[in-house]
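In: I would like to see how this sequence folds:
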Amino acid sequence: MSVPAKRLYALCGSLRTRSTNRALLEAIRRLAPHSVEVEISGLIGLMPIFNPDLEGDLTPEPVLTFAQEIATADGLIVSAPEYAHGIPGGLKNALDWLVSRFEIPGKPVMLVHASHRGDFALEALTEVLKTIATDLRPETFLRVPLLGKSEDEIAAILGAPETEHAICSALGRFMGAVAAKDPASR
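Out: Numbering: from 1, shown residues only. So this is what the prediction gives:
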């Protein structure tokens, strides 16, 4: 009997095409075991600014699609840069849309970070994720300093055996936490 694949939904706080956070998420997707699918969200930049008057029957389609992607994921991976000592606006907006919804509470979350700095954003993001009742797994935190590197340097760092090992180890710890939440895998 084959075990169904686990699905992780990755949120990149940067909308930049050449984002170091996106590069880190791409490396995680590349190194994930065959039994783990990692999908990187493309919806964060499509959502309108959060407005409580639009919740319920008036919820915009991109928000409904985003919430459905969250609901069907076994876990979330979140990677975000720091902007002005805080969380990037698009990511914060996406999370705001989830505050009063049922899809996010209890969802296992792994934080990854592509910079040697950015602790203000990580603290703020941690606070938001705790507030919306995610199952934040600090033992899975992964930091790979890519900020300020050229594309070639980023590729070399992400392809280095020690980096790949760190990514696989963190992902393995996270998948253990995800499996522990799934009654079907007990």
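In: Phe141 versus the residue most central in space within the chain, what's the distance?
Out: Nearest to the geometric centre of the chain sits Val78, at 2.1 Å (Cα atoms, centre = their mean). Here Val78 is placed at a distance of 11 Å from Phe141 (Cβ to Cβ, to the nearest Å). (Glycine included, C-beta is placed from N, CA and C.)
In: same deal with Cys12?
Out: For Cys12, the distance to Phe141 - Cβ to Cβ - is 16 Å.
In: Compare these two (neighbour count), which wins?
Out: Regarding Cys12 and Phe141, a neighbour count based on other Cβ atoms under 10 Å identifies Cys12 as having more, with 29 against 16.
In: That one: what's it in contact with?
Out: 19, 21-22, 25, 40-41, 44, 79-80, 91 (Cβ atoms under 8 Å, 6 or more residues apart in numbering).
In: If any of the residues you listed are buried, give me the PyMOL selection for them.
Out: The command below creates a PyMOL selection of those among the contacts of Cys12 that count as buried (16 or more other Cβ atoms under 10 Å):
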select buried, resi 19+21+22+25+40+41+44+79+80+91
